[in-house]
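1. Got a predicted structure here, sequence first:
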Amino acid sequence: MRKSKFSPQQIAKILKEFDNGKSVEQITREHGVSTSAFYKWRERYAGMNGKELKRIKELEEENRKLKQMYANLALDHQMAKEIIEKKL
């Protein structure tokens, strides 16, 4: 997955600008973000401040790493099972 060029604090600031009355067109032009990215951010992170947003991103990254670790362990377990079955 591609890393965002915007920090969580910047995303929160951009969303706050929208809440304060700026139009989507103005925001996308000023910050160089696509409208689809803006709406995805709004859907995911509406109402959060920078610290909450940063914590969510950290948790998502940790979750991704844990899923990868589980997949590797499950594969190792499956291979060990097959080896044991062949020996019997």
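-> Thanks, I have the structure now.
2. so what secondary structure elements neighbour the longest helix along the chain?
-> For the chain, the longest helix by residue count, based on DSSP state H, is helix 50-87. Using 3 or more C-beta pairs under 8 Å, 6 or more residues apart in numbering; DSSP states H and E, the elements in contact with helix 50-87 are helix 8-19. Every C-beta, even on glycine, is put in place using the N, C-alpha and C of the backbone.
3. Contacts for whichever helix or strand comes after the helix it packs on, please.
-> Later in the chain than helix 8-19, the nearest helix or strand by DSSP states H and E is helix 24-31. With contact meaning C-beta atoms under 8 Å, 6 or more residues apart in numbering, helix 24-31 is reached by 6, 10, 14, 17-18, 33-35, 38-39.
4. ok, now which ones touch the residue lying closest to Ala46 once chain neighbours are set aside?
-> Leaving aside its sequence neighbours, Ala46 sits nearest to Leu15 (C-beta to C-beta, 6 or more residues apart in numbering; 6.4 Å). Residues near Leu15 by C-beta under 8 Å, 6+ apart: 41-42, 45-46.
5. Of those, keep whichever come out buried.
-> The neighbour count (16 or more other C-beta atoms under 10 Å) marks 41-42, 45 as buried among the contacts of Leu15.
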